[in-house]
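In: Sequence first, then the predicted structure, then my questions.
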Amino acid sequence: MATIDDLRRAAAAMPASARAAAARVNTAAAARTDEAMRSRLHSRTGNLANAIRIRVDAAKLAIAVEDIPGRNTRAAVFSLEFGSVNMGARPFIRPAQEAARATIAREQEQAVRTALLELFA
């Protein structure tokens, strides 16, 4: 199986149309991952869910969770995802990412293949 570095090298060598197709897939996948993550989030008030954003970096083909400025959510996210001395882990980020991983790879492959076929047709 290809590593992330292999994928990054391949992405850098692709024509712009294929990179754009992969970026569109990444953006759509980020929205689905965000929804899946929020559906798994154990929450009493909804404040944490409202304080988390998904950021898509299409150039690196990466999806990241980031804080909204002015809200310190890192400790809360870390405690939920990994647990603490007072609370067991309630992961919501990793399960959402794992569930999306195979779908993202398949969709990116199809999008890039389609873009390349259109380019060379």
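Out: Received the coordinates, thanks. Model, not experiment: these values are computed from the prediction.

In: Correct me if wrong: A22 contacts Q110.
Out: No. Using Cβ atoms under 8 Å, A22 is not in contact with Q110, being 10.2 Å away. All C-beta atoms are positioned from the backbone trio N, CA, C, and that covers glycine.

In: give the contact list for R113.
Out: By Cβ atoms under 8 Å, 6 or more residues apart in numbering, the contact list for R113 is empty.

In: so what pLDDT did it get?
Out: If you check R113, the pLDDT there is 81.

In: Where does it fall, secondary structure wise?
Out: Using DSSP states H and E, R113 maps to helix 93-120.

In: Could you do T27 as well?
Out: Using DSSP H and E, T27 sits in helix 16-40.

In: And that helix, what's buried?
Out: 18-19, 21-23, 25-26, 29-30, 32-34, 36-38, 40 (16 or more other Cβ atoms under 10 Å).

In: now, which of these sits nearest F78?
Out: Within those, the smallest distance to F78 is 14.6 Å, found for M37 (Cβ to Cβ).

In: For S79, give its distance to I4.
Out: 27 Å (Cβ to Cβ, to the nearest Å).

In: list the contacts for the nearest residue to A100 once chain neighbours are set aside?
Out: Of all residues not flanking A100 in the chain, T33 sits nearest, at 4.7 Å (Cβ to Cβ, 6 or more residues apart in numbering). Going by Cβ under 8 Å, 6+ apart, T33 touches 54, 63, 96-97, 100.
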